[in-house]
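1. what's the 3D shape of this:
(3 chains)
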Amino acid sequence: MTTQATTVGRPSRARGVLHRITASFLFATGLPVILVAAWAAYSTYSANRFFPGPLTVLDAFVDTWVGPAFLEDVVPSLLRLAGGILVSIVVGVVAGTVIGLVHWLRDLTEPVLEFFRAIPPPVLIPIVMLLLGITDTMKLVVIVSGAIWPILLNTIEGVRSTDSVMIETARAFGITRAERLWFLVLPAASPRIMTGVRQALSVALILMVISEMFASSSGLGYRIAYFQRNYLIAQMWSGVLLLGLIGVFLATVFGIVERRVLRWYHGIKEVDRG
Amino acid sequence: MKKTLAVGVIASLAIVLSGCTDSEATPTPGSTDSDLRPVRVAALPITETAALWGGIAAGIFERHGLAVEVLPAQGGAYAIPAMINGDIEFTVGQPFGPFRADLQDLGVVMIGNYASSYADGEDINAVVASAASGITRPAELAGRKVSVNSLGAAGDVTIMAAVEADGGDPSTIEFVEVPFPDVPAQLEAGNIDAGWVPEPFVTALVSRGDTLVVYPYQATIPGLPTLTTFTTTALIERDADLVADFAAAMKETLEWAQDPANETAVRQAIKDNLELPEAVADTVKLPEFGWELDRASMEELAELAVKYGVLDRMPNFDRLIQQH
Amino acid sequence: MAVRSTRHRRWLRKTTLGIAGLVGFLTVWQLIPTLGIVDAQYLPHVTDVAVRLVNELRDLAFWRRLGDTMTAWAIGLAIASSAAVALGTVVGLVPFLRRATHTTVEFLRPIPSVALIPLAVLMFGIRMQAALVIIVFASFWQVFVQVIYGVADIDAVARDTARSFGLTRRAQLRHLVLPTALPYLMTGLRLAAAVALILAITAEMVIGNPGLGRMIELSRSAGDAVGLYALVVVTGLLGLTINIVFRFIERRTLSWHQSIRGEEVL
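-> Take a look at the predicted model:
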């Protein structure tokens, strides 16, 4: 295990920090810049109507999204997305823990759950529409119906793979069931759960878009479908760009949350790595 | 033991296979002539496409040297990119697709009509309001929730025009997008006040007590084309003969379908290609089939669309409409 | 002797419970339209759906469509996983690459592949290849991310030991990277398989290339609720089968790992 040793002639702190920030910035933007340059080159060369250049798309982006459309379409969509993710996490973790711990419950529900999980959410949209109408609840349910599965599955897996030795030891020490759950099982499962949440984020975004493409008259997904239908290609790509940005935003937020929740796990790993 | 098992498996497999059906096995019409040129046509899986199906089954396209494959396109939004790609040759769809494609200079051309609504009498689509909504006339649609299958197309444009003609304010109508088959349920649940539907839903809804409010096409532009046939300028330049032959075959098919003597064949085509109950297939109202494009009506439709802000500007009808 | 009968008993219990769960679900389903909680027009009776399902299974055209969907699924999954394993291993092992690609991956990953459909149709028309673009784009990330996680999770002691023993790159890959990453890879493949199926069917529903998804859309637009539900059941069963197969593979290859081992001991 090495520790930070102070050596003679350490470079000034400010310059070190600046160096680190520059490095981070370059890493973050290096590849994207190369890709965008390649895209610009391709679009000027090929003049394909369905593949406009980055400047055109950027133009369309500012025109379309920076304005009233943001409040009317984007914000409600994001709220639904957030709601769907939260519900998926809560229900997924709770149900997953219960099912993961109780063996016979898992055996009982597994076939039915696996069956439902396999149904493509777009197929459920007409059914959900019948029961809930063309409402926000319907779109929320569609998001949950897809996003819950990675969380549920990973929670079950995480709970199942709690080190048996730890559990036995805890039991031997007389630690109550509730305490075992809260201080042993859940933390042990949390890396897996976080993996599940991360996947649920992408699924939720996809479903937010799909749910608004099929049965909606407003929202980000609807706008993109509308652009598709009307061959407003630059606007459509600007919508895709926006989706990517939202994805980055979600991932960043998730990263911050994950680092906090799994502080202990990362700590152990870091110590391991020396 | 293993031998008996094998025999048993083979025997049961044979029994199972013999009990199998094949819903796609179409009786091969006459010759499998390799001189036939393959043509892919995108068309919506609706009753109106019966004319095309019927024409193929009756061998009309074959006589013109064409082997036609009909793809059940969903909504036509991807039919036009597929045409530009060259994957399909022609599309039968609603006119706003070509309108919008023209506005984007995509090179889409209407080569002929396909189906039109009725200038008088019962029309093929209508706005039906739920009994609970209390709507009886177009003006009352103002401020209410009305569904169309696809926003920004002929549906909402003509409905807005009908409402305005009846004295209501069309800008207050809240249009929502609901696919046709889901409208009855949404009306019943009260999620929408009225819905724009084609047959057979109009009859189904009226017979259960809902109110027929207006025939928007008839009220606005009588005899308005509902579906047209279009292709790309690229195809016309590349293979003008194919386009000419297809146009001739379509013209003949549509005349054949419009002839009352062939109605049974047309309805049979519906039964063969759609999963509709027989009773419905026998009685559903068919549109007016015809090949001649009605430029005046479509220009009027486009003008209304521009007026209500559905289209930014008028398409270039000189290059858009090329009757073949 | 005792071990075998316990395992047998456990398997028996598991299967019985599974079947009980299914039966319970089907009963509830049958009761809902029968009791009128939801109109039978919107939620048909299980019996009607079952009858239609049997009829569908007798129809060769149905099997052809099923074959179309499964072909697209298989090819898409194969392309996505091989690309993801190759790229993921490389990126995961080289910290520079991991940092350099991080923002790009995070940006591209959440983009719903349905948004790419117009491009796919433009490139390939209304054919399976267009669906493949959609399937591969979505499934790739599932495996890619898992492989990177897995490769990054290498036990530091083991890695240092391997290095001090002077193991070649290839040997390192085989004895160090692969075992660590394998559980992650298996999970990734299982998820990718599910995603690939969902997207294969969604692509067919939206684009209209031949397959189960197109049949579903046709039933939907014809208002054929019984047919729709029958097809939904088929897709559910399909997903179930895929899941069982992948679980089986996972079990076989990971028989040494805790999550499987833990079960036997307890």
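
2. tell me the residues of the stretch 1-150 of chain B that contact chain A?
-> Counting by Cβ under 8 Å from any Cβ of the partner chain, the residues of the stretch 1-150 of chain B close to chain A are B:75, B:77, B:80-81, B:84, B:100-101, B:103-106, B:150. Every residue, glycine included, has its C-beta placed from N, CA and C.

3. rerun that using 6 Å as the cut-off
-> Proximity of the stretch 1-150 of chain B to chain A is assessed by Cβ under 6 Å from any Cβ of the partner chain, with B:77, B:100-101, B:104 identified as the residues in range.

4. quick one: C:L228 and C:S219 touch, right?
-> Yes: applying Cβ atoms under 6 Å, one finds C:L228 in contact with C:S219, separated by 4.3 Å.

5. contact residues of chain C facing chain A?
-> Chain C has residues C:14, C:17-18, C:21-22, C:25, C:42, C:99-101, C:103-104, C:106-107, C:110-112, C:114-115, C:118, C:122, C:156, C:198, C:201-202, C:205, C:216, C:220, C:232, C:235-236, C:239-240, C:243, C:258-259, C:262, C:265 near chain A, with proximity defined as Cβ under 6 Å from any Cβ.

6. picking that back up, joint contacts of C:L228 and C:S219?
-> Residues touching both C:L228 and C:S219 (Cβ atoms under 6 Å, 6 or more residues apart in numbering or on different chains): there are none.

7. what's the pLDDT at residue 125?
-> You didn't pick a chain, so chain A it is. pLDDT, A:I125: 77.

8. switch to chain C, that's the one I care about
-> At C:G125, the model reports a pLDDT of 80.

9. what is the burial count for the closest residue in space to it that isn't next to it in sequence?
-> Spatially, and ignoring its direct neighbours in sequence, C:G125 is nearest to B:D87 (2.0 Å; Cβ to Cβ, 6 or more residues apart in numbering or on different chains). For B:D87, the neighbour count with other Cβ atoms under 10 Å in any protein chain shown is 23.

10. just the buried members of the residues of chain C next to chain A?
-> Using 16 or more other Cβ atoms under 10 Å in any protein chain shown as the burial test, the residues of chain C next to chain A include C:14, C:17-18, C:21-22, C:25, C:42, C:99-101, C:103-104, C:106-107, C:110-112, C:114-115, C:118, C:122, C:198, C:201-202, C:205, C:216, C:220, C:232, C:235-236, C:239-240, C:243, C:258-259, C:262 as buried.

11. so which of these sit within helices?
-> Counting by DSSP state H, the members of these that fall within helices are C:14, C:17-18, C:21-22, C:25, C:99-101, C:103-104, C:106-107, C:118, C:122, C:198, C:201-202, C:205, C:216, C:220, C:232, C:235-236, C:239-240, C:243, C:258-259, C:262.

12. pick out the residue of the stretch 151-274 of chain A closest to chain C.
-> Using Cβ to the nearest Cβ, the single residue of the stretch 151-274 of chain A nearest to chain C is A:G247, 2.8 Å away.

13. now do the contacts for the residue of the stretch 1-150 of chain C found nearest chain A.
-> When distances are taken as Cβ to the nearest Cβ, the stretch 1-150 of chain C approaches chain A most closely through C:P110, which lies 2.8 Å from it. Contacts for C:P110 (Cβ under 6 Å, 6+ apart) come out as A:202, A:205, A:247.

14. got a list of what the second one touches?
-> Right, A:L205. Going by Cβ under 6 Å, 6+ apart, A:L205 touches C:P110.

15. A:F227: neighbouring residues, count only.
-> 22.

16. hang on, it packs against A:A234?
-> No: in terms of Cβ under 6 Å, A:F227 does not count as a neighbour of A:A234; the distance is 8.6 Å.

17. can you classify the nearest residue to B:D272 once chain neighbours are set aside by secondary structure?
-> For B:D272, ignoring the flanking residues on the chain, the nearest one in space by Cβ to Cβ, 6+ apart is B:W53 at 7.0 Å. Following DSSP: H, G, I helix; E, B strand; the rest coil, the label given to B:W53 is helix.

18. and B:E177, its phi and psi?
-> Taking degrees, to the nearest 10, you get phi -100, psi 120 for the backbone angles of B:E177.

19. how far away is the residue of the stretch 1-150 of chain B at minimum distance from chain C from chain A?
-> Of all residues in the stretch 1-150 of chain B, the one sitting closest to chain C is B:D87 (2.0 Å; Cβ to the nearest Cβ). To chain A, B:D87 is 14 Å away according to Cβ to the nearest Cβ, to the nearest Å.

20. please consider this matter closed, and thank you.
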